[in-house]
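> Show me how the following folds:
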Amino acid sequence: MATAAALPVAIAYRFSQIYRVRAGFPNRRPPAFTPADFGMAFQETAVRSPGGDLPAWFIPAGSGAAGPGVLLVHGWDSARDRMLANVQFLNAAGFHCLTFDVRGMGANPPESLPVSAGEFGADALAGFATLIDRPEVTTGAILGHSMGAIGAVLAAAADPRVAALVISSTPSDPRRLVRETFRLAGLRLPAPIAGPLSWLTTREFLRQRGHQVRDISAREAIARYRGPVLLVHGELDQVIPPSHAERLKVAASAARGGDASLIELLIVSGGGHTWLYEDKTYRRTIAAFLAGYLDGPLSPAEAADAAGAVAVSRLPEPEGSLVGNRADGVAAAFIVGAGTSGPGDQ
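This next block holds a predicted model:
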């Protein structure tokens, strides 16, 4: 009887160990493009992160005169060039931009420990400090996608200088993210099994870095941030369903005593998990939101028109296997195994 009782625990523990290995180490895909490929002037720089120096680009808007800036944080299995479409319309709306490769991704060396939202958060925090310290930048915001969006929320909650936050396709918390990977992997687990298994898997995933679930949860962090927030989610996102955005909005509003005046939610009609920038409403809404809170050179209406007029498109596909609609994050890594998931920001 004791052996029979211990068997499910042993299987669950073994599952959590396999998950950590397969879902904790991103593919490194060095940038294949630079801002120059899209006619944008830029400077090579570095983000001084606790994880080491991370390669970055600073892309000034217009003539480079002093003005607001935006830090862009890419998603899982991605790199800084995958944020260039966002940079294009943000530059047109008058915002300086800085984007970098998160540790273990892009041009960075591989990590020896699993990469989690905690590392995205620490790198985003360092990235924002790099942005705001530049002489061209008067005030700053953060825009993040998917896992990079979690990092953006964590950074915003930790630095009161973050004047506005834009997050897209954001997993609301680590355990729900793990539950989504079960679903995407076709593991049809009943709730009495899925709940404890997701708890154990999340705990083991974070243990080596010493993270606590509550410390790297977007839902917990957004409750600590008091600045303006724009939540963006694709209506048809099959990786991280729009319900995650709704949970984040509720958490942010509840933390402000029910005051949602600084919280906006955009559900992109027909949008999936990636490539949301191809939607004109996405570009216009983000540009107007940032212009309204960052005191940029253009009014919100002017910024929206400038961003909406920019023709942006996804970058050509890099070499490698595809997963569905290029679903990013831990989900894709777990589904197909290490070495075959695709970039998260396109």
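
> any low-confidence regions in the stretch 201-346 of the chain?
Residue ranges of the stretch 201-346 of the chain with pLDDT under 70: 317-346.

> Strands of the chain, start to end?
Along the chain, counting by DSSP state E, strands occupy 43-49, 52-59, 67-73, 96-100, 137-145, 162-168, 229-234, 263-268.

> can you redo those strands as JSON lines with mean neighbour count and distance to Glu119?
Every C-beta, even on glycine, is put in place using the N, C-alpha and C of the backbone. Below are the strands of the chain laid out as JSON lines (neighbours: other C-beta atoms under 10 Å; distance: least, C-beta to C-beta, whole Å):
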{"stretch": "strand 43-49", "mean neighbour count": "16", "distance to Glu119": "9"}
{"stretch": "strand 52-59", "mean neighbour count": "20", "distance to Glu119": "11"}
{"stretch": "strand 67-73", "mean neighbour count": "28", "distance to Glu119": "11"}
{"stretch": "strand 96-100", "mean neighbour count": "29", "distance to Glu119": "13"}
{"stretch": "strand 137-145", "mean neighbour count": "25", "distance to Glu119": "13"}
{"stretch": "strand 162-168", "mean neighbour count": "26", "distance to Glu119": "17"}
{"stretch": "strand 229-234", "mean neighbour count": "25", "distance to Glu119": "22"}
{"stretch": "strand 263-268", "mean neighbour count": "18", "distance to Glu119": "27"}
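
> out of those strands, which comes closest to Phe33?
strand 52-59 (10.7 Å; C-beta to C-beta).

> which residues make contact with that closest one from outside it?
Applying C-beta atoms under 8 Å, 6 or more residues apart in numbering, the external contacts of strand 52-59 come out as 34-35, 40-47, 80, 87, 91, 96-103, 106-108, 123, 126-127, 130-131, 134.

> Now for Leu290, how many residues are close by?
Other residues lying near Leu290 total 29 when counted by other C-beta atoms under 10 Å.

> for the residue nearest the centre of the chain, what are its contacts?
Nearest to the mean C-alpha position of the chain, by C-alpha atoms, centre = their mean, lies Gly148 at 2.0 Å. Contacts for Gly148 were tallied using C-beta under 8 Å, 6+ apart; they are 72-75, 78, 102, 120, 124, 344-345.

> can I get those in a markdown table with distance to Ile142?
Shown next, in a markdown table, are those (distance: C-beta to C-beta, whole Å):
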| residue | distance to Ile142 |
| --- | --- |
| Leu72 | 8 |
| Val73 | 7 |
| His74 | 12 |
| Gly75 | 14 |
| Ser78 | 16 |
| Val102 | 13 |
| Phe120 | 11 |
| Ala124 | 6 |
| Gly344 | 17 |
| Asp345 | 14 |
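
> who wins for neighbours among those?
Counting neighbours by other C-beta under 10 Å, Asp345 leads the contacts of Gly148 with 34 neighbours.

> what's the pLDDT at the closest residue to Asp215 other than its chain neighbours?
Among residues not flanking Asp215 along the chain, Gly118 sits closest, at 7.0 Å (C-beta to C-beta, 6 or more residues apart in numbering). Looking at Gly118, its pLDDT stands at 94.

> Pull up the gap between Gly118 and Leu154, please.
Gly118 sits 8 Å away from Leu154, going by C-beta to C-beta, to the nearest Å.
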